[in-house]
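Trainee: Got a sequence here, can you build the structure:
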Amino acid sequence: MSIEALACLSAALLTACAPLAPSRLSAQAEQTLRASPLPERLTDLQRQQWLDRVSWGATDHEAAQLQQQGLKRWLGAQLTALVQPMPIEVQQRIDALSISQKPMAQIQREVADLRQQIRAEQDPDEAAKLRQQVQRQLNLLSTEAQQRHIWRALYSPRQLQEQMTWFWMNHFNVSTRKGDVRLWVGDYEEQAIRPHALGNFRDLLTASMRHPAMLLYLDNASNAAGHINENYARELLELHTMGVGSGYTQADVQAMAHVLTGVGFTTRDADAPPPKLRPERQGDYLRQGVFEFNPNRHDYAPQTFLGKPLQKTGYAQVNEALDRIVAAPATAHFIARKLAIYFLGDNPQPALVERTAQAFARSHGDIAATLAQLLCDPQAQQFGQRFKDPMHYVLGAVRLAYDQRVASDVGPVQSWINQLGQPLYGYETPNGYPQTQSDWSSSGQMMTRFAVAQQIGSRGALLFRSEPKAPLEKPPYPDLAGHASVKARLPMLSPSTQTTLAQAKNPADWNSIFLAAPEMMFR
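Mentor: Numbering: from 1, shown residues only. I've put the predicted structure just below:
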């Protein structure tokens, strides 16, 4: 079936008559979209290219939406951080997860109670069983957070928001391999990152800084006057904002570490009284949820930061320092270049990065406006230069193969991503997973990708089993050759790839060859 026919069948379900920029799309992003020379009519292949760039991978369903709405309206909707319902079956599966059913306070309390039992237990064997129970609970929380992330990435209509949630989770990286991050990582994504993924960078930075996952991972929870820990301050400047070589000094790292003393979290009950404070410091105490600024732990000594004295004290000084960092031109350039690499390729043109940085600065860190400038830039209208990391490769292949059919079990997707070396929340160091082609194109990686392509192409029905040992449906593979989004890609394949496809012995073999083709490694 052609894209045009699919568009007609889907018309009743599409928001084709919606305005270009819904009410929550920023004025800057709307202006950029309206002024851009983007074409409204796209070829079948161009639709695939835009979908591969903006979403987690093209599908027939989304190609029909793009055809129906036109590029600008569709892109404007993707840039808008409005809440849009998930498909019912997907939402039901997410709602069934324990992380959806229990508030974070209850989860935290259950783990704390188990640990209290361990401390009180006299029998070593019983204590060991309790410790194993704690580990199982922490592993379950991490696993369910991954499952929720994958279900949303595969099926959410807000595909750009899903891409940016992953981008910022990688940018503000925390690893479940450290301490209690497993306990908090799902809440970190849900409460700190996702709500701001298309919002304002300053708000996103603050939300990340104040969350227990980051405070534990980079040790600011233990940063206090007289016991300075520079870990978070260093990564805040080096990895989260200004970047290496941007002009800040070791003295700035040290000053920022002093500013951040007292920034932590508390496990006390919400109605518990604040800690005992000197009278002149009582007004400085701040608690919002589990976040706590404790004046008893804060260094009130004057600080000079980025060449100028800080004028404020207490938590107000933290905000003053963050404002100064976000307003620095180096931050705009660092974020703009990282976004350009993520969406376009390893070596974005300096002029494009400069225009994107100007949009970031002009909009005071409006992420949607920054992305609008990047995606609409004339120099960005070249496709197929961004090598897929494992997340994009696996999710894109599954979306292309099965479109809107909802997986009852995303465990195989988790397994494929893990096999390719990019487990969610699993990167140990603060810099997050690398994005350049050389990091993901080794011979070993490509061999594993072919094995994953075989699994999806010949046994993709693994995703739809009611239980792990249930028999696979027949046939156990998708009809890739019959998909409009696959047909649209065939002309771009090299003669050697087309020859190899023509030699396929059966549909499963054809699927595997197609998904493993060199052209399918790029977006």
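
Trainee: Tell me which helix or strand Ala105 sits in.
Mentor: helix 104-120 (DSSP states H and E).

Trainee: contacting residues around that helix?
Mentor: 98-99, 102, 127, 130-131, 133-134, 137-138, 141, 183-184, 187, 191, 267, 270, 290 (CB atoms under 8 Å, 6 or more residues apart in numbering). Where you see a C-beta, it was placed from the backbone N, CA and C, and this is true even at glycine.

Trainee: what mean pLDDT would you report for it?
Mentor: Mean per-residue pLDDT for helix 104-120: 95.

Trainee: Just the C-alphas of that helix, formatted as CSV.
Mentor: Provided in CSV are the C-alpha atoms of helix 104-120 (Å, rounded to 0.1, in the frame of the first residue of the first chain):
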residue,chain,number,x,y,z
MET,A,104,8.7,7.1,45.1
ALA,A,105,8.3,7.7,48.9
GLN,A,106,6.8,4.2,49.3
ILE,A,107,9.5,2.6,47.2
GLN,A,108,12.2,4.3,49.2
ARG,A,109,10.6,3.4,52.5
GLU,A,110,10.3,-0.3,51.5
VAL,A,111,14.0,-0.5,50.7
ALA,A,112,14.9,1.4,53.9
ASP,A,113,12.8,-1.0,56.0
LEU,A,114,14.5,-4.0,54.5
ARG,A,115,17.9,-2.5,55.3
GLN,A,116,16.8,-1.8,58.8
GLN,A,117,15.8,-5.5,59.1
ILE,A,118,19.3,-6.5,57.9
ARG,A,119,21.0,-4.4,60.6
ALA,A,120,18.8,-5.9,63.3
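
Trainee: by contact count, what packs against the helix or strand just after that helix?
Mentor: Later in the chain than helix 104-120, the nearest helix or strand by DSSP H and E is helix 124-155. Counting contacts by 3 or more CB pairs under 8 Å, 6 or more residues apart in numbering; DSSP states H and E, helix 124-155 packs against helix 88-95, helix 98-101, helix 104-120, helix 159-171, helix 181-187, helix 390-402, helix 411-419.

Trainee: closest one to Thr331 among these?
Mentor: Closest to Thr331 of these, according to CB to CB: helix 159-171, at 12.3 Å.

Trainee: how far does the closest one sit from the chain's center?
Mentor: 3 Å (CA atoms, centre = their mean, to the nearest Å).

Trainee: Quick one: mean pLDDT over that helix.
Mentor: 98.

Trainee: the inter-axis angle of the strand or helix carrying Asn511 versus helix 390-402?
Mentor: Assigned by DSSP H and E, Asn511 falls within helix 507-516. Compare the direction of helix 507-516 with that of helix 390-402 by axes from the mean of the first three to the mean of the last three CA atoms, to 10 degrees and you get 140 degrees.

Trainee: Tell me which stretches of the chain form strands.
Mentor: Assigned strands in the chain, in chain order: 263-265, 286-288, 291-293, 304-305, 308-309 (criterion: DSSP state E).

Trainee: Make JSON lines out of these and add mean pLDDT.
Mentor: Output for the strands of the chain, formatted as JSON lines (pLDDT from 0 to 100):
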{"stretch": "strand 263-265", "mean pLDDT": "98"}
{"stretch": "strand 286-288", "mean pLDDT": "96"}
{"stretch": "strand 291-293", "mean pLDDT": "97"}
{"stretch": "strand 304-305", "mean pLDDT": "98"}
{"stretch": "strand 308-309", "mean pLDDT": "98"}
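
Trainee: okay, those strands in TSV with mean neighbour count and distance to Lys388 next?
Mentor: TSV is the format used below for the strands of the chain (neighbours: other CB atoms under 10 Å; distance: least, CB to CB, whole Å):
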stretch	mean neighbour count	distance to Lys388
strand 263-265	22	37
strand 286-288	14	39
strand 291-293	21	37
strand 304-305	16	40
strand 308-309	8	44
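
Trainee: Could you say which one of the ones you listed comes nearest to Tyr433?
Mentor: Of these, nearest to Tyr433 by CB to CB is strand 263-265, at 26.2 Å.

Trainee: Can you name every helix or strand that the closest one contacts?
Mentor: helix 201-210, helix 212-217, strand 291-293.

Trainee: ok so, going back, how far off centre is the helix holding Asn511?
Mentor: With CA atoms, centre = their mean, you get 29 Å for helix 507-516.

Trainee: same thing with stretch 284-292?
Mentor: Using CA atoms, centre = their mean, the offset of stretch 284-292 from its chain centre is 27 Å.

Trainee: same check, this time on stretch 178-188
Mentor: On CA atoms, centre = their mean, the centre of stretch 178-188 falls 15 Å from that of its chain.

Trainee: Just the CA trace of it, in PDB.
Mentor: Output of stretch 178-188 as PDB, limited to C-alpha atoms (Å, rounded to 0.1, in the frame of the first residue of the first chain):
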ATOM      1  CA  LYS A 178      26.900   3.000  41.500                       C
ATOM      2  CA  GLY A 179      25.300   2.800  44.900                       C
ATOM      3  CA  ASP A 180      21.600   3.500  45.200                       C
ATOM      4  CA  VAL A 181      21.200   5.000  41.700                       C
ATOM      5  CA  ARG A 182      19.200   1.900  40.800                       C
ATOM      6  CA  LEU A 183      16.700   3.000  43.400                       C
ATOM      7  CA  TRP A 184      16.300   6.500  41.900                       C
ATOM      8  CA  VAL A 185      17.000   6.200  38.200                       C
ATOM      9  CA  GLY A 186      13.400   5.700  37.100                       C
ATOM     10  CA  ASP A 187      12.300   8.700  39.100                       C
ATOM     11  CA  TYR A 188      15.200  10.700  37.800                       C
END
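
Trainee: contact partners of it?
Mentor: 99, 104, 107-108, 111, 138-139, 141-142, 144-145, 148, 169, 174-176, 208, 211-214, 216-217, 425, 428.

Trainee: same thing with stretch 53-64?
Mentor: 1, 3, 6-7, 9-10, 14, 44, 47-48, 51-52, 75, 78, 153-154, 159-160, 162-163, 343, 375, 383, 386, 391-392, 395-400, 403-404, 483-485, 488, 523.

Trainee: please redo it, this time with the cut-off set to 6 Å
Mentor: By CB atoms under 6 Å, 6 or more residues apart in numbering, the surrounding residues in contact with stretch 53-64 are 3, 6-7, 10, 47-48, 51-52, 78, 153, 159-160, 395-396, 399-400, 403-404, 483-485.

Trainee: List buried residues within the residues you listed.
Mentor: Among those, those classed as buried by 16 or more other CB atoms under 10 Å are 3, 6-7, 10, 47-48, 51-52, 78, 153, 159-160, 395-396, 399-400, 403, 483-485.

Trainee: So which of the helices and strands packed on helix 124-155 is nearest Ser496?
Mentor: helix 390-402 (20.3 Å).

Trainee: For the closest one, name the packing helices and strands.
Mentor: Applying 3 or more CB pairs under 6 Å, 6 or more residues apart in numbering; DSSP states H and E, one finds that helix 390-402 makes contact with helix 411-419.

Trainee: try 8 Å this time
Mentor: Secondary elements touching helix 390-402 (3+ CB pairs under 8 Å, 6+ apart): helix 124-155, helix 411-419, helix 443-459, helix 507-516.

Trainee: just how off-centre is the longest one within its chain?
Mentor: Yep, that's helix 124-155 we're talking about. 20 Å.

Trainee: Buried residues of that helix, list them for me.
Mentor: Buried, per 16+ other CB under 10 Å, within helix 124-155: 130, 134, 137-138, 141-155.

Trainee: can I get the strands of the chain in a markdown table with distance to Leu472?
Mentor: Listed next are those as a markdown table, based on distance: least, CB to CB, whole Å:
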| stretch | distance to Leu472 |
| --- | --- |
| strand 263-265 | 46 |
| strand 286-288 | 50 |
| strand 291-293 | 48 |
| strand 304-305 | 60 |
| strand 308-309 | 65 |
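
Trainee: out of those, nearest to Ser415?
Mentor: Nearest to Ser415, of all the strands of the chain, is strand 263-265, at 33.4 Å by CB to CB.

Trainee: Which residues does the closest one contact?
Mentor: 209-212, 215, 220-221, 223, 290-294, 297, 315, 318.

Trainee: go on, stretch 255-262?
Mentor: 220, 223-225, 228-230, 232-234, 236-237, 293-299, 301, 303-305, 310, 315, 317-318, 321.
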